[in-house]
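Participant: Attaching a predicted model along with its sequence, questions to come.
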Amino acid sequence: MKTTKQERYLFHDMQKHPENYSAEHTEAMMDMLDETPNVELAWHRFESKHNHTSIFVRLPWMRQVAVLAVGLLLSGVVYAISVAVGWLPNIFAENKTQVQTATTDTLTPQASASTQDEETEVRTFDNVPLIDILDEMAESYGVKVAFDNDDVQNVRLYYQWDRSTSLDDNIAMLNAFKHIHIELQDNLLTVK
């Protein structure tokens with residue numbers, strides 16, 4: 001039986017030198033070229049020549065390492081997104097505390113029987129009327145509250161009160177809200 005390489009050589013030679021071949025020879029060659037190829041046989045030949053397995057089949061531990069690496073990468077991405085959105089705290093950030101010293105012209109919270117942790121704690125008011133916020137602050141700082149405009153008493157705010165800051169600083173932050181103007185004179189907070 002002739003190999004494909006021999007058949008190709010014979011076919012090219014027949015094209016170049018047709019005078020060397022008889023009509024029956026040429027007809028037999030044409031019939032051979034018109035035959036339907038055996039795909040299964042061709043596939044098995046190809047497979048036997050190119051029997052390369054993937055690296056994961058040859059080295060099964062590589063698959064486990066790759067899965068672990070992808071898992072770690074994806075979990076890091078999910079953690080970074082959660083920290084950026086605010087769902088989780090950033091455990092890798094350094095805690096930076098700012099120490100503020102009170103000057104003699106600003107009032108600081110009065111010392112009470114409560115612990116030191118309560119004095120530095122941040123109190124969050126969420127949708128709370130202004131009168132309730134100022135009453136709690138006035139009690140802590142030892143001042144009184146008066147309202148010139150009763151409509152302002154029921155204004156609801158979201159405010160984070162850091163008890164370690166001075167009363168003047170908190171008044172400045174509250175005055176940043178629209179429709180609120182607070183003044184401090186002689187231990188009396190006046191809301192106008």
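Facilitator: Perfect, thanks for sending it.
Participant: three-state assignment of Pro89?
Facilitator: Following DSSP: H, G, I helix; E, B strand; the rest coil, the label given to Pro89 is coil.
Participant: quick one, what contacts it?
Facilitator: Val83 (C-beta atoms under 8 Å, 6 or more residues apart in numbering). All C-beta atoms are positioned from the backbone trio N, CA, C, and that covers glycine.
Participant: For stretch 78-88, give me every contacting residue.
Facilitator: So stretch 78-88 is contacted by Pro89, Asn90 (C-beta under 8 Å, 6+ apart).
Participant: what is the mean pLDDT for that stretch?
Facilitator: For stretch 78-88, mean pLDDT is 87.
Participant: show me where this structure has helices.
Facilitator: Ranges of helices in the chain, per DSSP state H, are 4-16, 23-34, 39-49, 55-58, 60-85, 116-120, 130-141, 167-175.
Participant: Comparing those, which comes out most buried?
Facilitator: Among these, helix 130-141 has the highest mean neighbour count (mean count of other C-beta atoms under 10 Å), at a mean of 18.
Participant: Please give the number of neighbouring residues around Leu189.
Facilitator: Using other C-beta atoms under 10 Å, Leu189 has 21 neighbouring residues.
Participant: any idea how far it is from Phe177?
Facilitator: 15 Å (C-beta to C-beta, to the nearest Å).
Participant: And for Pro37?
Facilitator: In terms of C-beta to C-beta, Pro37 sits 85 Å off from Phe177.
Participant: Show me which of those two is the more surrounded one.
Facilitator: Neighbour count, other C-beta under 10 Å: between Pro37 and Phe177, Phe177 has more, with 14 against 7.
Participant: Centre-most residue in this protein?
Facilitator: Nearest to the geometric centre of the chain sits Ile81, at 1.7 Å (C-alpha atoms, centre = their mean).
Participant: what's the nearest residue to Phe11 if we skip its chain neighbours?
Facilitator: Excluding its sequence neighbours, the residue lying closest to Phe11 (C-beta to C-beta, 6 or more residues apart in numbering) is Met29, at 6.3 Å.
Participant: wait, that neighbour sits on Tyr9?
Facilitator: No. Between Met29 and Tyr9 there is no contact under C-beta atoms under 8 Å: 11.7 Å.
Participant: Could you list the low-pLDDT ranges of this structure?
Facilitator: 1-3, 52-58, 94-120 (pLDDT under 70).
Participant: 80 - rerun?
Facilitator: 1-4, 32-37, 49-62, 92-121, 149-150, 178-179 (pLDDT under 80).
Participant: What's the separation between Leu73 and His181?
Facilitator: Taken as C-beta to C-beta, the span from Leu73 to His181 is 53 Å.
Participant: No further questions, thank you.
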